[in-house]
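Asks: 3D, please:
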Amino acid sequence: MIDPGLEGKVAIVTGANHGIGAAVAQALAAQGVAVLIHYLRLPAEGIGRHAAHAAGADAVVQAIRTAGGRAEALEADLADPATVPSLFDRAEAAFGPVEILVNNAAHWEPDTFLPEPAQREQLWPSGSLPPVTAESHDRSFAVNSRAVALLMAEFAHRHIARGARWGRIVNVSTGGSPGFPGEVSYGASKHALESYSRAAAAELGRHGITVNVVSPGPIQTGWIAPELEERIREEAPLGRVGRPEDVADVVVFLASEQARWLTGQLLHAGGGHRMW
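Replies: Numbering: from 1, shown residues only. Got it, this is the predicted structure:
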């Protein structure tokens, strides 16, 4: 049996009240990791949202504890920079120094460069999308790139200050990061996350910290309609839509001892949806 060497480690997982984040928290806890679950409840109504976005983290915490693991939760808005040190303070008070950071939380909203008539003609015949604005840009970048950068900086500061020699950062991106029509600010903010990740890998490696990126393909977290799921299933090399657990297992691998020689890498966890 492969031992990932994670027993007794402490992790922060952001955006972990549902979907991929919840699966990551549970998968790490199953390996003996104590997990601080960050989350932010959002209204269920709105484009791309459903009931899970409005849920708290109690169910995830309880599932981990029922299975014999350790978990606490903290609700906070990552758009507020003051949230960053408070997450680490809470994790340290509950479990001890944080050794694994998984940046999964994301702000998503559609926006486009196209005026509405062109949208109807080119991309969205059944509806319209809001235009790119300073506000749509800033909302995406505040959570998807700035918060990630600040969280990595806080992780590194505390790690180096205590003289630690083992650390893991895993950042969750998107397959649309090179350019995302219809979700232009979201895609660009995730591209920035990938750049921050490579820079962090180069700077922090000598302190024993690896930094890697997971880029999920189509993952069913409630947003994929049945007709789209069927089309994905027909086109996917592995014949199905992804599940949150598929991404969670990749995150656990990147946190494990087996991935000790991987840093600055992007792994596309998409069942062959994209091949490099």
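
Asks: hey, let's count contacts and neighbours off CA atoms from now on
Replies: Will do.

Asks: Could you confirm residue 36 falls within a strand?
Replies: Yes: counting by DSSP: H, G, I helix; E, B strand; the rest coil, residue 36 is part of a strand.

Asks: Surely it and residue 89 touch.
Replies: No: checked against C-alpha atoms under 8 Å, the pair residue 36 and residue 89 is beyond contact range at 10.6 Å.

Asks: Between these two, which has more neighbouring residues?
Replies: residue 36 (28 against 13; other C-alpha atoms under 10 Å).

Asks: Please name the bridge partners of the more buried one.
Replies: Counting by DSSP bridges, residue 36 is bridged to residue 12, residue 72.

Asks: contacting residues for it?
Replies: 10, 11, 12, 13, 71, 72, 73, 74, 90, 91 (C-alpha atoms under 8 Å, 6 or more residues apart in numbering).

Asks: tell me the contacts of the last one?
Replies: For residue 91, the contact set (C-alpha under 8 Å, 6+ apart) comprises 10, 11, 12, 35, 36, 97, 98.

Asks: quick one: the third one and residue 100 touch, right?
Replies: Yes: the pair residue 12 and residue 100 qualifies as a contact (C-alpha under 8 Å) at a distance of 6.4 Å.

Asks: Pull the residues that contact stretch 133-146.
Replies: For stretch 133-146, using C-alpha under 8 Å, 6+ apart, the contacting residues are 78-79, 105-109, 111, 185-186, 189-190, 192-193, 196.

Asks: Inside helices: which ones of the residues you listed?
Replies: Among the contacts of stretch 133-146, DSSP state H puts 185, 186, 189, 190, 192, 193, 196 in helices.

Asks: and the fifth one, how many neighbours?
Replies: For residue 192, the count of nearby residues is 19 (other C-alpha under 10 Å).

Asks: Does the residue nearest to it when sequence neighbours are not counted belong to a helix, a strand or coil?
Replies: Spatial nearest neighbour of residue 192, chain neighbours left out: residue 145 (6.0 Å); criterion: C-alpha to C-alpha, 6 or more residues apart in numbering. Under the three-state scheme (three-state DSSP), residue 145 adopts helix.

Asks: Go ahead and measure how far stretch 228-243 is from the middle of the chain.
Replies: Relative to its chain's centre, stretch 228-243 lies at 22 Å (C-alpha atoms, centre = their mean, to the nearest Å).

Asks: meant to ask about stretch 74-82, not that
Replies: For stretch 74-82, the distance to the chain centre is 15 Å (C-alpha atoms, centre = their mean).

Asks: Stretch 84-104 now?
Replies: Distance, centroid of stretch 84-104 to centroid of chain: 16 Å (C-alpha atoms, centre = their mean).

Asks: Helix, strand, or coil at the closest residue in space to residue 7 that isn't next to it in sequence?
Replies: Spatially, and ignoring its direct neighbours in sequence, residue 7 is nearest to residue 32 (4.2 Å; C-alpha to C-alpha, 6+ apart). Under the three-state scheme (three-state DSSP), residue 32 adopts coil.

Asks: pLDDT score assigned to residue 32?
Replies: Note for residue 32: predicted pLDDT of 98.

Asks: Which of the ones in helices among the contacts of stretch 133-146 lies at the shortest distance from residue 164?
Replies: Distance to residue 164 across the ones in helices among the contacts of stretch 133-146 (C-alpha to C-alpha) is lowest for residue 196, with 21.6 Å.

Asks: and the closest residue to that closest one other than its chain neighbours, how many residues sit next to it?
Replies: Distances taken as C-alpha to C-alpha, 6+ apart put residue 149 closest to residue 196, at 6.6 Å, once the chain neighbours are dropped. By other C-alpha under 10 Å, 19 other residues sit near residue 149.

Asks: Surely residue 149 is in a strand?
Replies: No: going by three-state DSSP, the assignment for residue 149 is helix, not a strand.

Asks: Could you double-check that the residue nearest to residue 7 lies in contact with residue 5?
Replies: No: using C-alpha under 8 Å, residue 32 makes no contact with residue 5, being 9.1 Å away.

Asks: These two - which one has more neighbours?
Replies: Remark: of residue 32 and residue 5, residue 32 carries more neighbours, 18 against 14, as counted by other C-alpha under 10 Å.
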